[in-house]
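predicted model, plus sequence, below.
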Amino acid sequence: MNITDMLSYGFMQRALLGGSLIAILCSVLGVFLVLRRLSLIGDGLAHVTFGSVAIALLFRLQSVYNTLAIIPIVMGCSMGILKLAQRARIFGDAAIGIVSALGIATGVMLASVAGGFNVDLFSYLFGNILSISTSELGIAAALFVVVIAGVATFYNDLFASTFDEELAKSSGIDTDRINTVLVLMTALTVVLAMKVVGIMLISALLILPAATALQLARGFKTAIVSAAAFGVITVITGITVSFVLNLPTGATIVITNFALFACAFGARTLLRRG
Amino acid sequence: MSPALKISGLTAGYHGTEALRDVSFQLDRGQYLGIVGPNGSGKSTLIKVILGLVPARGGEITILGTPRERFRSWDRIGYLPQGLQFFNPHFPATVDEVVRLGRLAGKRFPKRFTAEDATAVNRTLEWMGIADIRSKMIGDLSGGLRQRVLLARALVNDPELLVMDEPTTALDPETRETFYQLIYEMNQKHKATVLLVTHDTATIGKYASHLLYLDKRVIFFGDFDAFCNSTDMTEFFGAHGQHLVCHRH
């Protein structure tokens, strides 16, 4: 099958478009999260998403309503992580661990009590971008606009507080508000990314394109733009390869991402030696 | 004209421990205050309370004529810490980008940079002699150059009050001297009021017009001559220690 045939399928067109939009969000936010050592917040929120999906399935919500129902739960839990880290005398990693474990435990308990939706839950664990519907693509596009507008609006404050929070505060930047904006945007993105790579692999989509860009970037804006480009390239390549070779899409996207990261790391090492 | 900084009965601390007790002093415009004292004497806490990074438990702070709680003109203050809080040597920011961040202090939502900001950054980089490294990554610089970039960030708004917390601790003697010269020039030529926390008692006497000796409370506050003629300070520092500060090299 050639590329033209592949692109003639509606589900492939939706997968490539939706996957690219979500890859851009993950990669851009990933740069801020990786530099703030908050990379694993994606993993934590993904586990919360697992619990939220179980709740949605319990109420037998259709896929599109399912996504809409999950969003406020995951956003609430992202705020919970922030508040725990600020008020419970623990660092962010412990707060992520607590909320993450609670999400998984809730999901497992509900799956056990309700029974019968284990197969559906499995599809959320590993994602299936090829099954993205037109209405889901619409939600993804709307949330893409919201998150990109958020990043663009707060870009300089996000950059300043990522560079050094104390210096940012001394410039009058409300870093608590900026942190809240960042985790809320991450929560929205994690819910969307669940469809692309699944709950188990979301953190890869947040971390790998950013980590690849950080190997080569010569400035902050360059890092953001190149992370977004790497995210799109790997998602498109991953979807195409998985379709042609009949491989699981989420896993192929992650392995493609890792291959690009390895190339960037190698190139950087060679450049330093040269 | 209102004083650059007025502090009355300031008390602050962390988790039940008192770090500052009833601290009061006034710094007039154009003065250069050196804040000295032993480790744990509350010097850095004082700076952080002034900048709103640590809450005060009591007392009043007036910055450039405005009570601290209502003060919003952060572009009128330049702040230089000892170093970055959690410095990541792989942070992807150029010198130009870091210095430009200083311009955010004067902006209202939505914060966008303009041609005027670019001009201010260029002027500061030129004045500090680091224009040639503007495209370099901050993590690729030596500790001295990096601190100089952070000073440029603090000076990019031509601040009326320059607040520094042990900025020269990690620098070699030559770089330290250049650093002090730049700050002195800001004070003398640009009439910036300077508040400098330092352990470098042997050098501070060369530049500061006033001294504050802090040990959770104010042990001494006054001009340089008063410090050198104070018998209380002779007792406190010892004759050798006092001479070390007062001997202007």
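Yep, that arrived. Numbers count the residues shown, from 1 in each chain, chains lettered A, B, ... in the order given.

would you mind listing what in the stretch 101-250 of chain A touches chain B?
A:153, A:156-157, A:159-160, A:163-173, A:213-214, A:217-223 (C-beta under 8 Å from any C-beta of the partner chain). Bear in mind the C-beta positions are built from the backbone N, C-alpha and C, glycine included.

please pick the buried ones from these.
Taking 16 or more other C-beta atoms under 10 Å in any protein chain shown as the criterion, what is buried in these is A:156-157, A:159-160, A:163-173, A:213-214, A:217, A:219-220, A:223.

quick check: which ranges of the stretch 51-200 of chain A have low pLDDT?
Scanning the stretch 51-200 of chain A for pLDDT under 70 picks out A:62-64, A:116-121.

actually chain B, not the one I wrote
Those would be B:85-86, B:248-249, if you go by pLDDT under 70 across chain B.

which helix in the chain has the most residues?
Looking at chain A here, since you left the chain open. Ranked by residue count under DSSP state H, the longest helix found in chain A is helix A:134-163.

that answer is for a different chain, and I need it for chain B
Ranked by number of residues, the top helix in chain B under DSSP H is helix B:173-188.

and the residue nearest the centre of chain B, what element?
Taking C-alpha atoms, centre = their mean, the centroid of chain B lies closest to residue B:164, which sits 1.7 Å from it. Under the criterion of DSSP states H and E, residue B:164 resides in strand B:161-165.

if I take that strand and helix B:173-188, what angle do their directions form?
160 degrees (axes from the mean of the first three to the mean of the last three C-alpha atoms, to 10 degrees).

ok, strand B:161-165: who's next to it in the sheet?
If you go by DSSP bridges, strand B:161-165 pairs up with strand B:77-80 (parallel), strand B:193-197 (parallel).

buried sites along stretch B:73-93?
So for stretch B:73-93, counting by 16+ other C-beta under 10 Å, buried means B:73-84, B:88, B:91-93.

and residue 159, what is it in contact with?
Let's take chain A. A:220, B:93, B:97, B:101 (C-beta atoms under 8 Å, 6 or more residues apart in numbering or on different chains).

that was the other one, I meant chain B.
By C-beta under 8 Å, 6+ apart, the contact set of residue B:159 is B:75-78, B:192.

these two touch, right, residue A:53 and residue A:125?
No - using C-beta atoms under 8 Å, residue A:53 is not in contact with residue A:125, being 9.1 Å away.

now the end-to-end length of stretch B:133-147.
End-to-end distance for stretch B:133-147: 13 Å, by C-alpha to C-alpha, to the nearest Å.

what does it rub up against?
A:218-219, B:80, B:83, B:88-96, B:98-99, B:125, B:130, B:149, B:167-168, B:170-172, B:175, B:179.

just those residues: which are in helices?
Using DSSP H, the contacts of stretch B:133-147 in helices are B:95-96, B:98-99, B:125, B:149, B:175, B:179.

give me the subset of those touching chain A.
residue B:98.

relative to chain A, which of the ones in helices among the contacts of stretch B:133-147 is nearest.
Nearest to chain A out of the ones in helices among the contacts of stretch B:133-147 is residue B:98 (C-beta to the nearest C-beta; 7.0 Å).

okay, now that closest one: neighbour count?
Residues lying near residue B:98 (other C-beta atoms under 10 Å in any protein chain shown) number 27.

now it: how far from residue B:146?
9 Å (C-beta to C-beta, to the nearest Å).

go on, residue B:178?
14 Å.

the more surrounded of those two?
residue B:146 (20 against 15).

list the buried residues in the host helix or strand of the more buried one.
Residue B:146 belongs to helix B:143-155 when assigned by DSSP H and E. Residues of helix B:143-155 classed as buried: B:144-155 (neighbour count, 16+ other C-beta under 10 Å).

could I get the contacting residues of residue B:117?
Contacts for residue B:117 (C-beta under 8 Å, 6+ apart) come out as B:100, B:103.

compare the strands paired with strand B:161-165 and give me the one nearest residue B:23.
strand B:193-197 (13.1 Å; C-beta to C-beta).

name the helices or strands packed onto the very next helix or strand once past the closest one?
Tracing the chain C-terminally past strand B:193-197 and defining elements by DSSP H and E, one meets helix B:201-207 next. Judged by 3 or more C-beta pairs under 8 Å, 6 or more residues apart in numbering or on different chains; DSSP states H and E, helix B:201-207 is in contact with strand B:32-36, helix B:173-188, helix B:239-246.

with just CA atoms, put the last one into CSV.
Think helix B:239-246. Output of helix B:239-246 as CSV, limited to C-alpha atoms (Å, rounded to 0.1, in the frame of the first residue of the first chain):
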residue,chain,number,x,y,z
ALA,B,239,40.2,46.5,66.9
HIS,B,240,41.7,44.3,64.1
GLY,B,241,38.2,43.5,62.7
GLN,B,242,37.1,47.1,62.8
HIS,B,243,40.4,48.2,61.1
LEU,B,244,39.9,45.6,58.4
VAL,B,245,36.5,47.2,57.5
CYS,B,246,37.6,50.8,58.0
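
hmm, the residue nearest to the centre of chain B is touching residue B:200, no?
No - using C-beta under 8 Å, residue B:164 is not in contact with residue B:200; the gap is 11.6 Å.

OK, contacts around residue 190?
No chain specified, so I'll use chain A. Residue A:190 is in contact with A:42, A:45-46, A:49, A:74, A:202, A:206, counting by C-beta under 8 Å, 6+ apart.

ah, no, chain B please
Counted by C-beta under 8 Å, 6+ apart, residue B:190 has contacts residue B:158.

tell me how far it lies from chain A.
Here residue B:190 is placed at a distance of 20 Å from chain A (C-beta to the nearest C-beta, to the nearest Å).
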